[in-house]
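Undergrad: just coords:
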């Protein structure tokens, strides 16, 4: 990777192992910049518009990062947030994601999502975004998780 375009892409991949095609526009790269690294095996396609560095470490929270990459301003909530905070032994098949009640539903892909619509989503997003929980910042995409304090007593 020697061209300025490839250097920008390399810096972006060093910051995030999971990236969306729209992330390229934020740094001034065209979406076609992914074609050569994809063919060379440097990156792999996880789902439509979501790519990852080939061979990146996968942890138990990898599904949350993939879901956050697919859904803009989504907040991992309820059962998935309980799993994140290790407050339950259940392991849901779907990632529970809070979205605004007027937001468009994401297309069905992997990982499967259980979308929960919140009326006071702006307050929920503000509270979680101000204290974003992201212990895996280097290998993953930043994402917001509902805080453990905000759970009703019966859920934990």
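TA: Cool, got the structure. Not measured: the values here are computed from a predicted model.

Undergrad: packing partners of the longest helix along the chain?
TA: In the chain, with assignment by DSSP state H, the single longest helix is helix 4-15. Applying 3 or more Cβ pairs under 8 Å, 6 or more residues apart in numbering; DSSP states H and E, we find helix 4-15 packed against helix 21-26. All C-beta spots, glycine's among them, are computed from the backbone N, C-alpha and C.

Undergrad: elements contacting the next helix or strand after the helix it packs on?
TA: Next helix or strand after helix 21-26 toward the C-terminus (DSSP states H and E): helix 35-40. Packed against helix 35-40 by the contact rule (3+ Cβ pairs under 8 Å, 6+ apart) you find strand 43-47.

Undergrad: contact partners of the strand it packs on?
TA: 13, 18, 34, 37-38, 51-54, 66, 70, 109-110 (Cβ atoms under 8 Å, 6 or more residues apart in numbering).

Undergrad: tell me the strands beside the very next helix or strand once past it, with direction?
TA: Proceeding N to C from strand 43-47, the next assigned helix or strand is strand 50-53, under DSSP H and E. Strand 50-53 has the following sheet partners, assigned by DSSP bridges: strand 18-20 (antiparallel), strand 43-47 (antiparallel).

Undergrad: middle-most residue in this structure, spatially?
TA: Central residue of the chain (Cα atoms, centre = their mean): residue 68, 2.5 Å from the mean position.

Undergrad: look up phi and psi at that residue.
TA: phi -70, psi -30 (degrees, to the nearest 10).

Undergrad: point out where the chain drops to low pLDDT.
TA: For the chain, applying pLDDT under 70 flags the ranges 1-2, 120-144, 146-156.

Undergrad: straight-line length of stretch 85-95, end to end?
TA: 14 Å (Cα to Cα, to the nearest Å).

Undergrad: in that stretch, what's buried?
TA: 85, 95 (16 or more other Cβ atoms under 10 Å).

Undergrad: separation between the closest residue in space to residue 13 that isn't next to it in sequence and residue 45?
TA: Nearest residue to residue 13 in three dimensions, chain neighbours excluded: residue 53, at 5.5 Å (Cβ to Cβ, 6 or more residues apart in numbering). Distance check for residue 53 against residue 45: by Cβ to Cβ, to the nearest Å, it reads 12 Å.

Undergrad: these two - which one has more neighbours?
TA: The neighbour comparison of residue 53 against residue 45 (other Cβ atoms under 10 Å) goes to residue 53, with 17 against 11.
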